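Asker: model this:
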Amino acid sequence: MSSSSARGQTEPLAALLAVLLVASGLSLYAGVIDEAVHVDPDRSVAPPTMETVDAHLAPAGVVEPSRLETVEEVLPDGYTANVTITTSGTRWARGPPPDPTASSASRSVSVRTAPAKIERGTLQVVTWS
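Answerer: Reported below is the predicted structural model:
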């Protein structure tokens, strides 16, 4: 066998260009895959939970604070939640104190505070896992 110093060698510039092209192709492929299967990590559970809780507490359009006793029935599985109703003078709450980093949703609602007495209030739902 003859030994030659020119065998099996590649120009450094050509090798560098090949590595650059492979790395660019992998980056492009990873970017396309990420866009195709991207899951938003900031998906908040509070807004859809707010809709469900509001429908449960206010079947006739006016929030009934007494219905807070059964609100756990409509809360999402796997999440802890705090539901709070506030009016100018009264506050009703159900659930543990909310986590400060939890997602929340609130809306203005009509609240029955006594028979034939309806006040403007706020319904707030805070959810965390």
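
Asker: For this structure, which residues score under the pLDDT cut-off?
Answerer: 1-8, 38-43 (pLDDT under 70).

Asker: residue ranges of the strands in it, please?
Answerer: 80-86, 91-94, 103-114, 117-128 (DSSP state E).

Asker: Ala58 is nearest to which of these?
Answerer: Comparing the strands of the chain against Ala58 with C-beta to C-beta, the closest turns out to be strand 103-114 (6.5 Å). For the C-beta atoms, the positions are set from N, CA and C on the backbone; glycine is no exception.

Asker: Domain map for the chain?
Answerer: 9-38, 46-128 (automatic domain parsing).

Asker: Tabulate these (a markdown table), appending mean neighbour count.
Answerer: A markdown table is the format used below for these (neighbours: other C-beta atoms under 10 Å):
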| stretch | mean neighbour count |
| --- | --- |
| domain 9-38 | 10 |
| domain 46-128 | 15 |
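
Asker: tell me, which helix in this protein spans the most residues?
Answerer: Counting residues, the longest helix found in the chain (DSSP state H) is helix 12-36.

Asker: can you give me how far that one is from the chain middle?
Answerer: In terms of C-alpha atoms, centre = their mean, to the nearest Å, the centre of helix 12-36 is found 33 Å from the chain centre.

Asker: That one packs against which elements?
Answerer: Contacts defined by 3 or more C-beta pairs under 8 Å, 6 or more residues apart in numbering; DSSP states H and E place helix 12-36 against no helix or strand at all.

Asker: Having no further points to raise, I will conclude here.
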